[in-house]
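Asker: Build me a model:
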Amino acid sequence: MDVKTVCLGMLSDGEASGYDLKKHFESTFGHFFAAGYGSIYPALSALLADGFVACREESQSGRPDRKVYRITDAGRQALCHSLNTSKPGHKVRSEFMATMCFAHLMDEKQLDRLLQHRIEEADEYLRMFDEIESTCMHDWPAGKKFVCGFGRALTEATKKYIEENRDLVCERPATQRSASG
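Answerer: Model (predicted):
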């Protein structure tokens, strides 16, 4: 799936500016699909040229006009066609995994810190999932609920794997070393 298709999907929920879409990418899609201004704005330009989105400008005091995009009927048809005909892969880009490939070259104390940081990061994500589930997820469509649950499952599995297999790359976890002197 490309940035244009994801932008169309986001716009199917309502109008948005490029800035709004960027924030939505960061908050909702950030852990599995990255997109920055350098890909969002060209995607919006292409979608506009194809007639898949319409754009209106809102004046802002002391700043350039804000461009607000909305999906057109043709864009909705293109989105549905793409969703119904694509066979999306599941790619994971992880700096953590790339780093772990070279764990044998790392200082063990730094490796312990890295693993502990990843566990703490997983705990932060799990708290975020708890917050989402208790506050706003009840009125989400089924697909977004599925994605949230899938994210939770991956995060729980990641944390469990690190905790149970830390000894593959570290002699003993740092907590055990410090307890034993």
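
Asker: CA atoms for contacts and neighbours, from now on please.
Answerer: Will do.

Asker: And the next helix or strand past the helix or strand hosting Gln110?
Answerer: In the assignment (DSSP states H and E), Gln110 maps to helix 108-135. For helix 108-135, the succeeding helix or strand toward the C-terminus, using DSSP H and E, is helix 142-165.

Asker: tell me which residues of that next one are tucked away?
Answerer: Buried positions in helix 142-165, judged by neighbour count with 16 or more other Cα atoms under 10 Å: 145, 148, 151-152, 155-156, 159.

Asker: State the next helix or strand along the chain beyond the strand or helix carrying Pro42.
Answerer: Using DSSP H and E, Pro42 maps to helix 37-49. For helix 37-49, the following helix or strand on the C-terminal side (DSSP H and E) is strand 53-60.

Asker: Provide the strand pairings for that following strand, with the direction of each partner.
Answerer: strand 63-71 (antiparallel) (DSSP bridges).

Asker: The strand it pairs with vs helix 37-49, what angle?
Answerer: 60 degrees (axes from the mean of the first three to the mean of the last three Cα atoms, to 10 degrees).

Asker: what's the very next helix or strand once past strand 63-71 packed up against?
Answerer: The helix or strand immediately downstream of strand 63-71 is helix 73-85, counting by DSSP H and E. Here helix 73-85 touches helix 3-11, going by 3 or more Cα pairs under 8 Å, 6 or more residues apart in numbering; DSSP states H and E.

Asker: ok, residues contacting the helix it packs on?
Answerer: By Cα atoms under 8 Å, 6 or more residues apart in numbering, the surrounding residues in contact with helix 3-11 are 21, 35, 39-40, 43-44, 47, 52-53, 69-71, 75-76, 79, 82.

Asker: coming back round to it: for the helix holding Gln110, give the mean pLDDT please.
Answerer: What helix 108-135 shows for mean pLDDT is 92.

Asker: centre of the chain versus it, how much separation?
Answerer: Remark: helix 108-135 is offset 15 Å from the chain centroid, using Cα atoms, centre = their mean, to the nearest Å.

Asker: now swap in stretch 89-97 and tell me
Answerer: Counting by Cα atoms, centre = their mean, stretch 89-97 comes out at 11 Å from the chain centroid.

Asker: I'd like the buried residues of helix 142-165 written out as JSON lines, with pLDDT and distance to Phe129 added.
Answerer: Shown next, in JSON lines, are those (pLDDT from 0 to 100; distance: Cα to Cα, whole Å):
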{"residue": "Lys145", "pLDDT": "89", "distance to Phe129": "11"}
{"residue": "Cys148", "pLDDT": "86", "distance to Phe129": "7"}
{"residue": "Gly151", "pLDDT": "88", "distance to Phe129": "8"}
{"residue": "Arg152", "pLDDT": "91", "distance to Phe129": "7"}
{"residue": "Thr155", "pLDDT": "93", "distance to Phe129": "10"}
{"residue": "Glu156", "pLDDT": "96", "distance to Phe129": "11"}
{"residue": "Lys159", "pLDDT": "97", "distance to Phe129": "14"}
